[in-house]
Every structure is written in C-alpha cells, then in structure tokens.
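Asker: Build me a structure from this.
(chains A, B and C)
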Amino acid sequence: MTRVVVTVMPRDGVLDPQGQAVQGALGRLGFAGIHDVRLGRRIELELEGPDPLGDARRMCEQLLANPLIEDFTVALEG
Amino acid sequence: MIAVVRFPGSLDHDSAIRAVQAVGGQATYAWHADTELPAGTRAVVLPGGFSYGDHLRPGAIASRSPIMAPVRRHADAGGLVLGICNGFQVLCEAGLLPGVLRTNQSTSFVCRQVELEVVDRHTPFTRELGGSLSIPIKNHDGAWFGDPATTRIVLSYGAENPLGAVASAAGVANAAGNVLGLMPHPEEATDPLLGSTDGLGLFAALVRA
Amino acid sequence: MSAPLHRQLGLSDEEFAAIPGLIGRPPTDPELVMFSLMWSEHCSYKHSRSLLRRFPTTGPHVLQGPGENAGAVDVGDGWAIALKVESHNHPSAVEPFEGAATGVGGIVRDILALGARPIALLDSLRFGTLDSPRSRHLFTRAVAGIGHYGNCIGVPTVGGEVVFDDRYEDSCLVNAMCVGLVPADGMLRAAAFGEGNLLVLIGNRTGRDGIGGASVLASAELSADDDSKRPSVQVSDPFTERKLIDCCLELAGGGLLLALQDLGAAGLTSAASEMAAKGGVGLEIDLDRVHLREEGMAAAEILVSESQERMLGLVDPANLDAVLAMCARWELDANVIGTVTGTGNFTARHHGEIVVDIPASALTDDAPSYAVPRDPAPAPVALDLDAVPVPGDLANAWLALLGRPNIASKRWIYQQYDHLVGANTVRRPGGDAAVIRIPGMSRALAVTTDCAERHCELDPRGGGRASVFEAARNIACTGGLPYAASDCLNFANPEKGSTGWRLAEAIEGMSEALEAISVPVVSGNVSLYNESPERAIYPTPVIGMVGLLEDAAASVGHAYGAEGDLVVLLGGGLPRLDASEWLGTASGSPARPDLGREAALVSAMVTAARRGVVTSAHDVSDGGIAVTLAESALAGGIGCTVTLPGGRRADEVLFGESGERIVVTCRPEALAALRESAGDVPVAVIGAVGGDTVEVSVDGMSVRLELERARDVYETTLTKAIA
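Answerer: So this is what the prediction gives:
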C-alpha cells in the first residue's frame, strides 16, 4: 500500500474567486504584504499496484481535477 | 429599532426588514464595516445570503467583520440576536452559538417548505410561538453538527430531518437563550400570499424586546 | 502551411476584403480580431438579422424594444419590467457547470444594464436522453451550475423547462431568461454621449478568459476535438456578480450613471463599440488602464477577453469620485479606461501607441447580413394510426407516461434552486407558470418559457405558433394577461439544407401567434450551428413570456381544490397523437394552431381567472389530457372522475395533444359565470373532483389511476434516472 498525495490547484491565470475573497479578508484583518492567495485541495489516496503515481495521475486527468481550470501534482508520502 | 446587518453577499436583508415592518417594528441596516450598531438598536438580525460567496467556509469571513464586535457586545449584554441561515453560520463561526453547519446530507442545495417543531419554548424568541411552524429552508450547508447534550436545541425538523442535522436540529440557542440561529427562513413565511405566516412570530419577538 | 489569419479567425475572404473599404486601410491584427468577433454570427446575427424584423415589437406599453441589452415594458405605477432570454449552449456543452453558471451571470447583467433589479430567473434546457452517460453528466452539471450562480446572487430561479431527446445528444441547449424591475423613468441605455464623459470599467479583473470564445465557440459546429477548446470557457464568480448588482443599482439609483453596458461576448470590443455606435460618438480607450489578472496580455487579448462579472459605466467627470467611492464601498475594482470623443472612432492605446482606430459603426452597423437559403423541408406525412399499436393496458400506459423524464416531476431540479429569495414568489415552480408579486404593488407577474420543438421539426410555422400559444396558455392559467415576450432561436447550421427555411417559418408562425394575442417581442437571441456531423437539433425557438396579474392574491394554481368542484374542459382542440410525447418522435402531421380560436381561449381563461370563477387551471400539453388531470390531482392530493368525448381511439383521447385546451375546475354554482366568461369558447363539464383516484371514461370504457402509485412514479423518475 502506498500513500499518494494529490494537490489540485487553480490553474495559473484562471480566476480564483475563493482565493480572491480570502485575500481580501486577510487584508481587512490587518495582515499586510499579501501578494496573492490561491485556494486548492489536497486528496490522499491509499493505492495498491506497481504504478501508484501513474494511477493517481490518470485519476486526476479523469476525475479529481478539472483540466479546464485546475492543475494537479502527485507525490508519494511516507 | 432592529438592526439588520448587511455583508457583501447578503441576500435576505430586504426581506428581513419587510418582515420586521410587517409586525409593526422599525428596522435599519448595519453595515459590515461599521464598528458600532445603529443608535437605538434593540435587537439584531443576521440575514440569509452568501456573505463573501461562502468562500473558505460559510460564514467564516463575515464572522471576522468589524460589525461583529458590537454584535458580540450586544449579545453579551443580553440583547436578542437572530441569525437566519447564513446568519446562523456566521454566529457559529463567531462562537456565539455552539456547533457548526455542515454540507447537507444530499450534498446539494435544498429549497422547500418544512414543518418545524418548537422544542424549547423558554427562550424570548419562542415563548409566544405555536407548537409547529411551516417555514421554507433553502441552503447548501445547513446540517447542524454539535453536541446535543450541551446545546439548547430550540427548533427541530422532527422525524424527517431533511438536511441530516444532528438531533434533527433546525435552530439552536446559546445557553441564555438570547442568541438564536436557525436554517429555515422565517422572512419567507410572512404573508398568506407566500403560503405561510408562521415566520412572523420570530420577528414579533424581536420587536417586543 | 496554415490558413491566412482572417480565415483562422472565422472571417470569409469576402468579409476580409470588405474591411479596407470601411476603414480606409488594411486592418491591424487587433482590429482584425475585433472584426472577426463582431462579425461573427453570435454578435452580428448575420444569418438571422433580416428575418428577425418580422417579429411584432411595438405596443402602447413597450418602453424598450429590441436593440438594447434587454427589452422593457410599462407595468404601471411608474414601474417597468425588463426581460430577455439568451443562450449559452456551446459553452455549456464544453463545460456544463461553468457554462451554465456564466450563462446565468450574462443574462443577469443584460437586465442590470438597464438599471433594473433582477427579480426572477428561468431556464430552458434540452439534453440527450438520460440513458446516455454524457447527457446525464451535462444535465446534472448544468443544473448544478445554474443553481450555484442563481442561489449565490439571490435571484430566485422560478421556472423553466427541460426536454430530453436524442436529437440534443450532441448539442445541448442551455437558455436562461431574466426578468428585472426598474423605475420607468430611471431606465438606462447603453448609448455613449457627451464628449469628455468617462468610461469606467467596474468588476472583475480582465484575464485570458474566453479569448476567441465568441466566434470559436458560437459559430463552429462542435466536433470530436472539443477538449482543445476548453481553455476558452470562463470561471463563474457569483459573489462578485452580487456585489456588481448591489453597486450598479446604488449607482443608478443615485443618478451617478449616464449609461451602463455589460461585457459579454467579445468583451470590451463589443461593449464599447455598441455604446459608441448607438450614441453616434467616438471612444478613446487606454488599455493600460484596464485592471488585469495576468501580466503580459496583448492588446487584442484585452480587447476581446470575455472575463465575466464586468460592467462598463458612462460617468460625468463631476461624479467620478462618488462613483469610485461607491465601487470601493462594495470592494469592487473600478478604473477610468476611456473617454467619449467626437470622432465616431473606436480608438485604443496600448503602451502609449494607437493600436486600434476605426469607425465604431464599421464593427456594428456595417456587419455583413446574409440571406439564408430557404429550401422548404418536405411536407410532413400524415400519421398512420394503424401502424401505432393500441396499448393493451391503458392504465399501465398512463403510469408509464407519468414516469417519462419529459413528463415526470422536475422537483429534483427546482429543489436545488432557491426559488423563493426576495419573499415575492406567490406560485412556485411545478405549475403552468410561476407567479412573482411585484414588490410594493398589488400586481404580480406570471413567467414561463416554452417551445414545441417536435411540432417545429414537422411544421415550423405551426410549431412556432404552438410555442407561443403554449406559453400564453401557461400564463393565462395563472390569471396573467400575456404581456411581453423574449425569444431564443436555437437552430442548426443556417447555411445548409432547410434550416434557413425552418428559421423563417418558425419566426413567421411565432409572429402570427404573437400578433393574435397582441404580445410584442422586446428582446431576443439567436443560437445557430447547433449540430454535429451526426445530428442536428430540432428547430427550438424558445419563447419566454411575462404576463401581468392585476391582483397577486387572485392568482390561480393547477392543484385541484375542494371535493365536488366541477372539472371543465375549455376550448375545442382535438386530441391527436402527431408529434406527441406518447409517440416520443417527431412524426405525423400535427394540426396548425388556429390563431383566432387559440387567442380566444387565452382571453377566456384570463377573464375567468380575473373574475375569480375558477378554483384551478392547467393546460393540456405534453402527454395529453391524461397527464393534465393526473398532475392537478397529484398537486391537490385529491382525485377526480371524468368522462371524455370519444369517437376516436382511447389512446388518442387520453394521450393526444394539440393546443387549444385548458382543464379548469369551479364550484358548481360558478358554472354559469364560467360559461359567461368563456364567451364563444367551448365549455364542457367533464366530471367532478373527489376520491383518491383519477378515473376517466371514454366510450363506456373506464381507466383508473391510483394517486399514490402515480405519485411514486411521477416524483421519483428523475432521481432514479440520474442515479
């Protein structure tokens, strides 16, 4: 069993309404010098098989990420 | 005077003001960036909507707004605060009410009429209410999650539990009973034309305060 | 060797050759891109413009006809109603959630551009059948997108329709309608005027969203390589839209805006050139002042970006500080990006250099207009009833019909939409038309969208009429007087086959019907090229209609009321299976609706409702009278027993369609008043309300539907079909 961590983030250049709203809120709370905020999500997969990273990548392409608006990375953990 | 707090993304503030007026009260807006409630405020309504687009967590950003400091002082002094839907989420995020509102069991937005049971008649809000109320719900994250043993559950969906709330809770109060949050929308049940007038009682309680 | 740039951009050689004559020199690259978008079908209606002139567009109550962002009519007491339907078909086929969501956002901004507060949304949807995984995906994601956007901006989604048919498998239709409320004397236009007045761009920053989308997505048929078109689709931001609504309404209410325009297809290019051309002035725009989301954007990209949630306001310099302060209060970016000039030219600077300098009217008024080929389609072939088997068990057939996704309850959809927000929804989704009270008035609006697409396929003139009359009957059933209409003409490729003829015929039929009921078209939209190499959609001219009720408290619903009420059939339409839902195909030769009789029925229904003589009303449409009776019984929780005129096959009597019929109920003592209201329209008492079954007798044979079984089928079909 291998643990694969998938990180899905809004693609560069694509509007990120969530990040924008959070950036504004942090600014109003007094945090200065915030150049950008992007919000994504982390997905942990427990996988069997010889090619867990390849499997995770295919899962991203088909379901976990929306290639229109999101990029993803996959990494082994542990 | 009833203060209806308006955040960017608030949607039901006008309806809340009309509901207060329908029971003979006066209402005005409080702006999210203000640091004081309007002069003469007797009770506060946090209306429904999608404050800050529900980004991060529903109610999370609004609960850190400047206006929440005087709202908290008002509540601590025993003043009435009514949070409706998004307002309930804001109150939970602000720690003025116990628990949190999670995504509905159906994982989708649910808009429909529901029958509520008044299960705690000892709050200033519910003293004069009937035993059951027909009021619509309309939310995406309305399943209350918390400890029913230590929480004053005031309104219940009964056996149906359409959103999947713990203890079928539709509305909860703080221990003192002066802060109430509920997911159903009483401002949408204020006129026979809308199918029900069962929401008027909650606004009447604010006006009495 | 690649094709020349103008062809890649979708301009024909002839169109390209015409440009130097209009601007006095060959175009720069940014100018060429602007021409390609403004002269696309989507922006210029070049294949439909000449046909659209047929629509009736005038009336004593029309305040704004076609040509603005939306149309508007006077509803009394100083208030006007703005309305428009628009398509977002191709973006929704590529990315259904964002495509449908941004479609809602776009139509809302069209209404907002008049300074109107959006008060109701409707959606007219067409997908392939739900046994197709692709169609299930498109349908469920489009519904989610519509809900996400509409719910978050606080505009109630109160109505619409959805049809599932194989003919929409490759080209789904997502049309959205918005209705708004505006003080009649405070309506804004999108015409620029007054040298020195300022253009202020308000809202989201400009990114590379939807670059080329207007022409690439809307004017080319979709084919297998659609994935490559994905980067063109925009991401929706309803929170910013809500702030735009609040901010623009406060600006308009405070008299701080001279004109307002939304940025839609072709972005700034379209918005600014239309403002200039309408006002007969020039505009000089500094692209370095446009607030950008990405660095290094080229001039052409900034000019045609379709980033959402942006509005362009025209502001008197004396009011600029107040406008910018209001935008700041709403946490919206706002920048002065240009000024009105006297030249008549659209001029744009980038990094200090002039990159665009052309007459604004060359982009708009000088766009090409083509006559489409009008080869008539073969005449429809009469239905051979002998080839249609009579169902062995009519009761089971009835139940099966109620369980078809096209008939069954759409609760799964509208329960995901906030159809209440604003506390004005008097009649909720699920009936003939939704009813919204007008805040502060005793009057109310009835709203609906409709289309008789199978009928249109067989006889577009008749189908055009049928679409209008279906909408009018739905409005009338609530007690509303049909008052104004908007249209969205969804068709296949007009350059091929009979599509052009169908388009012309459908417009003719719709116009005849609209004239018969004195309803003007005040706005509209055209979506062409809805076909793939394998199949074309049915001609789908969607009509969005608004009706006026004098008294919100007197609206009529479709649910049966009290036991003992009489069930009465209004109108003389004869049931026929041609093009019916029961057949499920576009076959046969449906009767062309009679203009006079249909109009008389609508008028009779409105009169009866206004006099308060009916306790419910429901028109006969898809599935025939059997479905009408069952739906009213299910809604009221009480059955009925009726006897229908026979003399034809029982399946025809039960499931046959044709307009010109409405089933109403009334107290027995109100029958005389109902007859009087109906005038010359046939009135036939066919039964009475009561019991827990719907029992229908035809020629001595009786068919029974148990309500509880029917409810189970009717209410769970859609949920099961998408599970």
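
Asker: So B:G83 lies in a strand, does it not?
Answerer: Yes - according to DSSP: H, G, I helix; E, B strand; the rest coil, B:G83 belongs to a strand.

Asker: Isn't it up against B:V90?
Answerer: Yes - counting by C-beta atoms under 8 Å, B:G83 sits close enough to B:V90 to count as a contact (6.1 Å). (Glycine included, C-beta is placed from N, CA and C.)

Asker: Return every residue with contacts to both of the two.
Answerer: Here B:G83 and B:V90 have B:L46 as joint contacts, going by C-beta atoms under 8 Å, 6 or more residues apart in numbering or on different chains.

Asker: residues touching the closest residue in space to C:T540 that isn't next to it in sequence, list them.
Answerer: Once flanking residues are discounted, C:T540 sits nearest to C:N490: 4.0 Å by C-beta to C-beta, 6 or more residues apart in numbering or on different chains. Counting by C-beta under 8 Å, 6+ apart, C:N490 makes contact with C:S87, C:N89, C:R126, C:L173, C:N175, C:S527, C:N530, C:I537, C:P539, C:T540, C:P541, C:V542.

Asker: and those residues, which are buried?
Answerer: In terms of neighbour count (16 or more other C-beta atoms under 10 Å in any protein chain shown), the buried residues within the contacts of C:N490 are C:S87, C:N89, C:R126, C:L173, C:N175, C:S527, C:N530, C:I537, C:P539, C:T540, C:P541, C:V542.

Asker: in the lowest-mean-pLDDT helix or strand in chain A, what counts as buried?
Answerer: In chain A, no helix or strand scores lower on mean pLDDT, DSSP states H and E than helix A:17-28, which sits at a mean of 88. Going by neighbour count (16+ other C-beta under 10 Å), the buried part of helix A:17-28 is A:P17, A:Q18, A:G19, A:Q20, A:A21, A:V22, A:Q23, A:G24, A:A25.

Asker: Near chain B, list only the ones from these.
Answerer: A:P17, A:Q18, A:A21, A:V22, A:G24, A:A25 (C-beta under 8 Å from any C-beta of the partner chain).

Asker: closest to C:C43 among those residues?
Answerer: Nearest to C:C43, judged by C-beta to C-beta, of these is A:P17 at 26.8 Å.

Asker: Let me see the contact set for the closest one.
Answerer: A:P17 is in contact with B:G53, B:H55, C:V235, C:S236, C:D237, C:F239, C:T240, counting by C-beta under 8 Å, 6+ apart.

Asker: picking up where we left off before, and after the least confident helix or strand of chain A, which helix or strand comes next?
Answerer: For helix A:17-28, the following helix or strand on the C-terminal side (DSSP states H and E) is strand A:41-47.

Asker: Pull out the buried positions in that next one.
Answerer: Neighbour-count burial for strand A:41-47 flags A:I43, A:L45 (criterion: 16+ other C-beta under 10 Å).

Asker: ok, now stretch C:681-689?
Answerer: C:V681, C:P682, C:V683, C:V685, C:I686, C:G687, C:A688, C:V689.

Asker: Quick check: pLDDT value at the fifth one.
Answerer: Right, C:I686. On the pLDDT scale, C:I686 is placed at 98.

Asker: What of the last one?
Answerer: The predicted local distance difference test score for C:V689 is 98.

Asker: which non-adjacent residue is nearest it?
Answerer: C:V689's closest residue in space is C:D565 (C-beta to C-beta, 6+ apart), at 4.3 Å.

Asker: do the same with the fifth one
Answerer: Counting by C-beta to C-beta, 6+ apart, C:V642 is the residue found nearest to C:I686 once chain neighbours are left out, at 4.5 Å.

Asker: how about the one you found, what does it touch?
Answerer: Taking C-beta under 8 Å, 6+ apart, one finds C:V567, C:L629, C:I686, C:G687, C:A688, C:V694, C:E695, C:V696, C:S697 in contact with C:V642.

Asker: Can you name the residues bridging to it?
Answerer: Taking DSSP bridges as the rule, C:V642 bridges to C:G687, C:V696.

Asker: Relative to C:I625, how far out is it?
Answerer: Per C-beta to C-beta, to the nearest Å, C:V642 is found 9 Å from C:I625.

Asker: Relative to the least confident helix or strand in chain B by mean pLDDT, what are the paired strands and their orientations?
Answerer: One helix or strand of chain B scores below all others by mean pLDDT, DSSP H and E: strand B:100-102, with a mean of 94. For strand B:100-102, the pairing partners within the sheet under DSSP bridges are strand B:143-145 (antiparallel).

Asker: mind listing what the following helix or strand past the partner strand pairs with, with the direction of each?
Answerer: Going down the chain from strand B:143-145, the next helix or strand is strand B:152-156, by DSSP H and E. Applying DSSP bridges, strand B:152-156 is found paired with strand B:110-118 (antiparallel), strand B:169-173 (antiparallel).

Asker: what does the first one contact?
Answerer: Where contact means C-beta under 8 Å, 6+ apart, the residues beyond strand B:110-118 that reach it are B:104, B:126, B:129-140, B:142, B:154-158, B:160, B:162-163, B:170-171, B:184, B:195-196, C:414-420.

Asker: can you tell me which of the buried ones among the contacts of C:N490 are in helices?
Answerer: The members of the buried ones among the contacts of C:N490 that map onto helices under DSSP state H are C:N89.

Asker: Dump the buried ones among the contacts of C:N490 into TSV; add pLDDT as well.
Answerer: Output for these, formatted as TSV (pLDDT from 0 to 100):
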residue	pLDDT
C:S87	96
C:N89	95
C:R126	98
C:L173	98
C:N175	98
C:S527	96
C:N530	96
C:I537	97
C:P539	98
C:T540	98
C:P541	98
C:V542	98
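
Asker: Relative to C:V613, which of the buried ones among the contacts of C:N490 is nearest.
Answerer: Top of the list for closeness to C:V613, among the buried ones among the contacts of C:N490 and by C-beta to C-beta, is C:V542 at 32.2 Å.

Asker: Could you measure from that closest one over to C:R428?
Answerer: For C:V542, the distance to C:R428 - C-beta to C-beta - is 21 Å.

Asker: What are the boundaries of the helices in chain B?
Answerer: Under DSSP H, chain B gives helices at B:13-22, B:68-76, B:86-93, B:200-208.

Asker: Same list (the ones you listed) but as CSV, adding distance to chain A and mean pLDDT.
Answerer: As requested, the helices of chain B are exported to CSV (distance: least, C-beta to the nearest C-beta, whole Å; pLDDT from 0 to 100):
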stretch, distance to chain A, mean pLDDT
helix B:13-22, 19, 98
helix B:68-76, 12, 98
helix B:86-93, 12, 98
helix B:200-208, 28, 97
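
Asker: winner for burial among the ones you listed?
Answerer: Of all the helices of chain B, helix B:86-93 has the most neighbours on average by mean count of other C-beta atoms under 10 Å in any protein chain shown, namely a mean of 28.

Asker: Now list the buried members of the contacts of strand B:110-118.
Answerer: The neighbour count (16+ other C-beta under 10 Å) marks B:104, B:126, B:129, B:133, B:135-140, B:142, B:154-157, B:162-163, B:170-171, B:184, B:195-196, C:414-420 as buried among these.

Asker: Out of those, which sit inside strands?
Answerer: In strands, defined here by DSSP state E, the members of those are B:L133, B:I135, B:P136, B:I137, B:K138, B:N139, B:V154, B:L155, B:S156, B:A170, B:G171.
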